[in-house]
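Novice: any chance you can model this:
(one chain, ligands or ions: 2)
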Amino acid sequence: MEASEVPVATVTQRSQKSVESQVGRIYESFANFPRTPNFEYYLKGGLDNSQAPSARPWVCFWNLHSLALLGESVDAQLQNNIIYFLSRCQDPNGGYGGGPGQMPHLATTYAAVCSLVTLGGHKALSSINRSEMYMFLQQMKHPSGGFRSLELYLIPYFSPGFMMVEKLMSGPATAISVASILNILDDELVQNVGNYILSCQTYEGGISAEPGTEAHGGYTFCGVATMIMINQVNQLDLPRLIDWLVFQQGKECGFKGRTNKLVDCCYSFWQGGTFALLQRACSTFDTKLVIPVGGKSFEVNFNDIGYNFVKRRVEMEPLFDGLALQLYLLLCSQEVNGGLKDKPGESRDFYHTCYALSGLSNAIMKQGASLQHSDSVMLLSFEVS
Ligand SMILES: CC(C)=CCC/C(C)=C/CC/C(C)=C/COP(=O)(O)OP(=O)(O)O
Ligand SMILES: [Zn+2]
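Specialist: Ligands and ions are numbered 1, 2, ... in the order given. Next up is the predicted model:
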């Protein structure tokens, strides 16, 4: 080949190469960072506590909720052990940490409270310190309407002492549902939460973890459930939200968490459960999904949330293919030796088992049938006091 025939990279191709190598370097350095105990890390934790040392109340919740969905109970000895263990995770100033002596965190607080409510009974419920819990939730509140997950969150690999105010969508959802379950929800805690969630609804229609980021099934469930609990769900752009949601059921029949990603059994609950919430919320609108835009403020009616809401009759047609979803869950997500997994080729874990069973339970519900008590524990509240 003559020298003149050797293809010369264009300016655009050279810039593209340079960007790719920069991005490659960023990925490489991220891969070498020590993992922070963030939600995704411990969600994907393995089958035993040792792999999820900062998520032990979650391990309690995923297993208790799975057993409840299967109609099983735990024996008295195990119940006592769980109550005792969670009481050791409770901070004297309110909230629950990921293990005994760990700093309280909203996500583990939510998991601990849901575990105790699932167990039920005086001993479990009275172990929750409600007045300190209220103080803890107040401390976690941020003026933007978001909630911090931890009081101070240090990111050592940025700069020492850098303080990140973590306001992921799971913050408002866990804080508001804990307050609602414990009957300590008030106007002060609700202040600005709706605005924060509205600022997270994206151009696609789904809800993101924080403003300006990508819509995701997990955060969409959190956002919608929270808006229902604070009686502001009709402020969201619901037609657009439902449009986004229906496109998340993939051709494999399971749900994906976000556009152009792969299906994963846990979204059977996060996305499928959002349909269940919207079907109940929308059944009360006389406007049939024509939602007024802007301005109108809605009063919070704390009596119309929780178990009453979950038991509402559903008049709307199903909005996703529940039978196809059941097939995906039963044929593609089940492990031969028990447990459920994200997708074929992955291994089973407690998190996916819990949310695949929750999604399955939602998918097999008959039109108009009321939810079982155990189906509703996730984020939806009922009063315990
Ligand atoms: C109440 C509460 C605490 C709710 C949590 C909500 C929730 C499940 C958020 C999603 C976090 C998560 C595991 C994202 C997966 O990202 P990925 O990039 O690994 O997976 P993807 O490709 O499916 O998006
Ligand atoms: Zn998953």
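Novice: only C-alpha atoms from now on, for both contacts and neighbour counts.
Specialist: Noted.
Novice: residue 276 against residue 362, yeah?
Specialist: Yes - using CA atoms under 8 Å, residue 276 makes contact with residue 362 at a distance of 7.4 Å.
Novice: without its sequence neighbours, what residue ends up closest to the residue nearest the centre of the chain?
Specialist: Geometric centre of the chain, nearest residue: residue 218, 4.5 Å, by CA atoms, centre = their mean. Spatial nearest neighbour of residue 218, excluding adjacent residues (CA to CA, 6 or more residues apart in numbering): residue 270 at 5.3 Å.
Novice: go on, residue 277?
Specialist: Closest to residue 277 by CA to CA, 6+ apart is residue 225, at 7.0 Å.
Novice: any idea how far that neighbour lies from ligand 1?
Specialist: Noted for residue 225: a distance of 10 Å to ligand 1, by CA to the nearest ligand atom, to the nearest Å.
Novice: just give the nearest non-adjacent residue to the closest residue to ligand 1 within the stretch 251-385 of the chain, would you?
Specialist: Closest residue of the stretch 251-385 of the chain to ligand 1, CA to the nearest ligand atom: residue 257 (4.6 Å). Excluding the flanking residues, the one nearest residue 257 by CA to CA, 6+ apart is residue 217, at 4.6 Å.
Novice: so that neighbour is in contact with residue 259, correct?
Specialist: No - with contacts counted by CA under 8 Å, residue 217 stays clear of residue 259, the gap being 9.8 Å.
Novice: higher neighbour count, these two?
Specialist: residue 217 (29 against 17; other CA atoms under 10 Å).
Novice: what helices and strands are in contact with the host helix or strand of residue 356?
Specialist: Take DSSP states H and E as the rule and residue 356 turns out to sit in helix 350-363. Judged by 3 or more CA pairs under 8 Å, 6 or more residues apart in numbering; DSSP states H and E, helix 350-363 is in contact with helix 56-69, helix 267-282, helix 322-327.
Novice: redo those helices as TSV? Include distance to residue 253, mean pLDDT and mean neighbour count.
Specialist: Below are those laid out as TSV (distance: least, CA to CA, whole Å; pLDDT from 0 to 100; neighbours: other CA atoms under 10 Å):
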stretch	distance to residue 253	mean pLDDT	mean neighbour count
helix 56-69	22	94	23
helix 267-282	10	92	24
helix 322-327	5	94	19
